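Engineer: The following comprises the amino acid sequence and a computationally predicted model.
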Amino acid sequence: MKKFWALLAAMMLICFFTACGSDDDDDEGDSDSNLSSDTGSADSTADTADSATDSTDSSSDNDSADTDSTDSGNTDSEADTEDENDGPTCICGPDGDDDDSDGILNGVEGCGDYDGDSIPNCMDPDSDGDGILDNQECPEQPCRDTDGDGAPDYMDRDSDNDGITDKDEKQKYGTDPLKKDTDGDGDDDLAEVAYGSDPLNDNDHIPAGIFYVVLPYQAPDDVTRTLTFSTKIEAIDVAIFFDDSGSMGDEQEKLRDEIKTSVIDVIAEKFKDNPNYAAFGVVKFGWEKPYSVRQTMTTSAELVKKGLDGFDNQGNELAIYSMYLAATGEAYNSRLLPCAMGQCGENITLFGMPIPLKPTTYNVAKADCSGADKLGTVGGLCMRQKSMPIFVVITDEKSDDCVSFGAPVTANTDCMFDVGAKELSIEASLGAMGGIGAKFIGIDSGFDDNGKATYSAGTKDKKGFFQTFATYTGSLDDKGNPFIYHTEKADGTGIGGNIAEAIDSLTTLIEMDITTAGMADPSQKCNDISAANFVVSSKTVSADPENGVSGQNDTTFFKIQQGTDVTFDVHFHNDFCLNTTNTWWEFEASVKVIGGQAAADGSIANGSYLSSRLVHVVIPEGTIR
């Protein structure tokens, strides 16, 4: 009722000056100057700006403009400008008054309307509209700012910044609007509401090992959680890339048999207590069928063995591009031209005779990993996010690598991208593998006609195919040697055990540098931005045992022995997800530890997944403040 009479009195006062003001300019100036003490008006800056503009309108107004420019109150010229622009007029009394009798002076509250109820703050006993009177939220001067965000509690709809409005804390949950954790059990009130525990009962809280963070939009501070991770690899996805060219005909059948018995069966037996640890997929590559996914990732030994069967006796080898497509899962539609004797195209000339050559065409659809039979969502083989991919390439030749259309060619040029084709490259394939943290094992089965190993797949050449991929992906043993092997016999036998040993070494013996990164399921997005972006940084804390690492900086543990537990302080922030609804949102994001070779600054560009911790991210409604 007090608010009503105050508002009515102010409106009558405005009507009085509008209807009954004197026509004398000096009297008008006096009347306006009586209002100049209202520096709490939100319009005072605009009025002064209007006056400054008016002072430049004509030289005949110079005297009055000069006088007006030193007066913080409304002037004649300002009033004229407001009339012309229908601008607002502050109806509060002098700054030293307290129109709403809440103990906060008009000059402090100002003429703004924070809660949008058409009543200025200086006349509104509940300025933020949270159901708690201003004199309760500001019982003494200076006014209280519980969460330290720069907004006093009487102008802050969430005084403790726990993600629940003060109104809901009072009326809906019964929690304390001045305490983020009402029951003192270590969990913020909104986190408990989201999880389903009682924020008023310290014996009913979020269980240890389940993590929630409450991230208001553009909050001034990060939220930090201390998380401990295992560096023991949780799972492996072994992708077998099998050369399907004609040169593999003699040894291919025995190679397939060795892989079935000495790799798939051995790995399955080794991890029989954890049947989901190892999964396998199969890709065959050649020329006529340059990229053929014979089996997406599966833990079924029988399915992957079946994927190895069959032989098409194709032309050249396109292993590099197959690894790119398997790592990315992209659609790819391009035509490649064959080259021979320094010529490229569908027809070349040899000794004056036309020789037809057969181009190849990629018609690869974007990978579909939506089926119930798919283990994961990563790449063309539907690999799992929480696994270490291991690409095993079996071939007897180096991989073809095409040149751009129209580029100079030599007798050693393999192929050429046709006009308009999207060009792939070794660099693109390495980048794609690095993006998913894939490791590399190379199996060379090449022999000459005399039964002598040829090593033509780049097995010994430091710049060769195999050596390049092993080095770049950090696929080196504890002595720095790459995981590259050659079959013992020309018939393809004598290699299976080496692959099994290499996989075991990759997952148990390699020392890696360790850091963290954000990760989220593709469905977890806000404003089309991945929930992984809520994870903004981390800081190393400790390793257990301490001698399990050789050292650490702020972001990275160095040369860690697999199995060592590492602890990070992980920082979360929300600068992209504004919740415009009237209830909270929840997302799932993971913090993963990745292992690889750190750069000089400690960053790891191509790390392999080791383990992760799931964090539930709760986004409060609106901007709250």
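Structural biologist: Good, I have the coordinates.
Engineer: Got the phi and psi for residue 408?
Structural biologist: Torsion angles at residue 408 (phi, psi; degrees, to the nearest 10) stand at phi -60, psi 140.
Engineer: Residue 305 too?
Structural biologist: Dihedral angles (degrees, to the nearest 10) for residue 305: phi -60, psi -40.
Engineer: Now the nearest residue to it once chain neighbours are set aside, what are its backbone angles?
Structural biologist: Among residues not flanking residue 305 along the chain, residue 260 sits closest, at 4.9 Å (CB to CB, 6 or more residues apart in numbering). Glycine gets a C-beta too; all of them are placed from N, C-alpha and C. Torsion angles at residue 260 (phi, psi; degrees, to the nearest 10) stand at phi -60, psi -50.
Engineer: And the strands in the stretch 201-350 of the chain?
Structural biologist: 211-214, 223-230, 236-243, 278-285, 292-298, 332-340, 343-344, 347-350 (DSSP state E, counting those that start in this stretch).
Engineer: could you pull out the helices for the stretch 451-600 of the chain?
Structural biologist: 465-472, 496-508 (DSSP state H, counting those that start in this stretch).
Engineer: what about the stretch 201-350 of the chain, any weak spots by pLDDT?
Structural biologist: The stretch 201-350 of the chain contains residues with pLDDT under 70 at 246-247, 249-250.
Engineer: Then the stretch 1-150 of the chain?
Structural biologist: For the stretch 1-150 of the chain, the stretches flagged by pLDDT under 70 are 1-88.
Engineer: re the thing from before, to residue 224, which of the helices of the stretch 451-600 of the chain lies closest?
Structural biologist: helix 496-508 (31.6 Å; CB to CB).
Engineer: tell me the mean pLDDT over the closest one?
Structural biologist: Mean pLDDT, computed over helix 496-508, is 77.
Engineer: Over to stretch 430-439?
Structural biologist: Mean predicted confidence for stretch 430-439 is 88.
Engineer: So for that stretch, what gets flagged as buried?
Structural biologist: 430, 431, 432, 433, 434, 436, 437, 438, 439 (16 or more other CB atoms under 10 Å).
Engineer: For the last one, give me its contacts.
Structural biologist: So the one you mean is residue 439. 388, 389, 390, 391, 473, 474, 475, 483, 506, 608 (CB atoms under 8 Å, 6 or more residues apart in numbering).
Engineer: one step back: got CSV for the buried residues of stretch 430-439, with secondary structure and distance to residue 547 too?
Structural biologist: Conversion of the buried residues of stretch 430-439 to CSV gives the following (DSSP: H, G, I helix; E, B strand; the rest coil; distance: CB to CB, whole Å):
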residue, secondary structure, distance to residue 547
430, helix, 34
431, helix, 35
432, helix, 36
433, helix, 32
434, helix, 30
436, helix, 31
437, coil, 26
438, coil, 30
439, strand, 26
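Engineer: Spatially, which two of these are the most separated?
Structural biologist: Between any two of these (CB to CB), the greatest distance is 15.1 Å, for 431 and 439.
Engineer: re earlier: may I see the helices of the stretch 451-600 of the chain arranged in TSV, with mean neighbour count as well?
Structural biologist: Below are the helices of the stretch 451-600 of the chain laid out as TSV (neighbours: other CB atoms under 10 Å):
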stretch	mean neighbour count
helix 465-472	22
helix 496-508	19
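Engineer: now those in a markdown table, with distance to residue 298?
Structural biologist: As requested, the helices of the stretch 451-600 of the chain are arranged in a markdown table below (distance: least, CB to CB, whole Å):
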| stretch | distance to residue 298 |
| --- | --- |
| helix 465-472 | 24 |
| helix 496-508 | 16 |
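Engineer: residues near residue 94, how many?
Structural biologist: Here the number of neighbours of residue 94 (other CB atoms under 10 Å) works out to 16.
Engineer: correct me, but residue 596 touches residue 511?
Structural biologist: No - look at residue 596 against residue 511 with CB atoms under 8 Å: they stay out of range, at 11.0 Å.
Engineer: how deep is the residue nearest to residue 305 tucked in, by neighbour count?
Structural biologist: 18.
Engineer: Which residues does the spatially closest residue to residue 226 that is not a sequence neighbour form beta bridges with?
Structural biologist: Closest residue to residue 226 apart from its sequence neighbours, by CB to CB, 6+ apart: residue 569 at 5.4 Å. Here residue 569 shows beta-bridge partners residue 226, residue 539, assigned using DSSP bridges.
Engineer: For residue 539, see how far away residue 569 is.
Structural biologist: 5 Å (CB to CB, to the nearest Å).
Engineer: Just put the strands of the stretch 201-350 of the chain in TSV and tack on distance to residue 562 and mean neighbour count.
Structural biologist: Converted to TSV, the strands of the stretch 201-350 of the chain look like this (distance: least, CB to CB, whole Å; neighbours: other CB atoms under 10 Å):
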stretch	distance to residue 562	mean neighbour count
strand 211-214	24	22
strand 223-230	9	16
strand 236-243	13	27
strand 278-285	16	26
strand 292-298	23	22
strand 332-340	36	19
strand 343-344	47	22
strand 347-350	53	12
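Engineer: so which of the ones you listed comes closest to residue 176?
Structural biologist: Per CB to CB, nearest to residue 176 of those: strand 211-214, 15.6 Å.
Engineer: And the helices in the stretch 101-250 of the chain?
Structural biologist: 106-109, 134-137, 166-168, 189-195, 249-258.
Engineer: between the ones you listed, which one is nearest to residue 527?
Structural biologist: Between residue 527 and those, the shortest separation by CB to CB is 20.1 Å, and it involves helix 189-195.
Engineer: average pLDDT across the closest one?
Structural biologist: The model assigns helix 189-195 a mean pLDDT of 90.
Engineer: wait, doesn't residue 210 sit right on residue 197?
Structural biologist: No - look at residue 210 against residue 197 with CB under 8 Å: they stay out of range, at 10.1 Å.
Engineer: out of those two, which sits in the busier spot?
Structural biologist: Neighbours were counted for residue 210 and for residue 197 using other CB under 10 Å; residue 197 has more, 18 against 14.
Engineer: re earlier: same list, the strands of the stretch 201-350 of the chain, but as JSON lines with distance to residue 369 please.
Structural biologist: Listed next are the strands of the stretch 201-350 of the chain as JSON lines, based on distance: least, CB to CB, whole Å:
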{"stretch": "strand 211-214", "distance to residue 369": "27"}
{"stretch": "strand 223-230", "distance to residue 369": "26"}
{"stretch": "strand 236-243", "distance to residue 369": "12"}
{"stretch": "strand 278-285", "distance to residue 369": "12"}
{"stretch": "strand 292-298", "distance to residue 369": "8"}
{"stretch": "strand 332-340", "distance to residue 369": "16"}
{"stretch": "strand 343-344", "distance to residue 369": "36"}
{"stretch": "strand 347-350", "distance to residue 369": "41"}
